[in-house]
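curious how this folds, go ahead:
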Amino acid sequence: MMFNWLSLITGLFYIVLGGVVIYYKFFFTTLEPAIAYAMGGLLILYGIFRIYRAVSKIKDSGNEE
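Just a heads-up that it's a prediction; the model follows:
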């Protein structure tokens, strides 16, 4: 159960990190704008996927009890 909540927090972290990469165009090194948008978008999509997966697992564990 704790892993699901940790996965939810990690998903939020990825969304924030994606926004930071898009805004500052920096990820360990200065990025070209096209690369920054692509990388930031992928990080945001992955964060949304992690949150969706965590929420669905939390709902499933609630149905089992």
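
show me the helices in this structure, by range?
2-24, 33-64 (DSSP state H).

you'd agree residue 57 is up against residue 2?
No. Using CB atoms under 8 Å as the test, residue 57 is too far from residue 2 to be in contact (11.7 Å). Any C-beta I mention is one placed from the backbone N, CA and C, and that applies to glycine too.

show me which of the two is the more surrounded one.
With neighbours defined as other CB atoms under 10 Å, residue 57 and residue 2 compare such that residue 57 has more, 16 against 6.

give the contact list for the more buried one.
Going by CB atoms under 8 Å, 6 or more residues apart in numbering, residue 57 touches 4, 7.

mind showing which ranges of this protein have poor pLDDT?
For the chain, residues meeting the criterion pLDDT under 70 lie at 63-65.

residue closest to the middle of it?
Centroid-nearest residue in the chain, with CA atoms, centre = their mean: residue 47, separated by 1.8 Å.

that one and residue 15, how far apart?
Distance, residue 47 to residue 15, using CB to CB, to the nearest Å: 4 Å.

try residue 29
Using CB to CB, residue 29 is found at 22 Å from residue 15.

which one of those two is surrounded by more residues?
Legend: neighbour count by other CB under 10 Å for residue 29 and residue 15, higher for residue 15 (19 against 5).

surely that one touches residue 41?
No. If you go by CB under 8 Å, residue 15 and residue 41 don't touch, sitting 11.0 Å apart.

what residues are shared contacts of those two?
In contact with both residue 15 and residue 41: no residue, using CB under 8 Å, 6+ apart.

separation between the closest residue in space to residue 49 that isn't next to it in sequence and residue 58?
Setting aside the residues directly before and after it, residue 49 is nearest to residue 11 in space (CB to CB, 6 or more residues apart in numbering), at 7.5 Å. In this structure, residue 11 and residue 58 are 12 Å apart, going by CB to CB.
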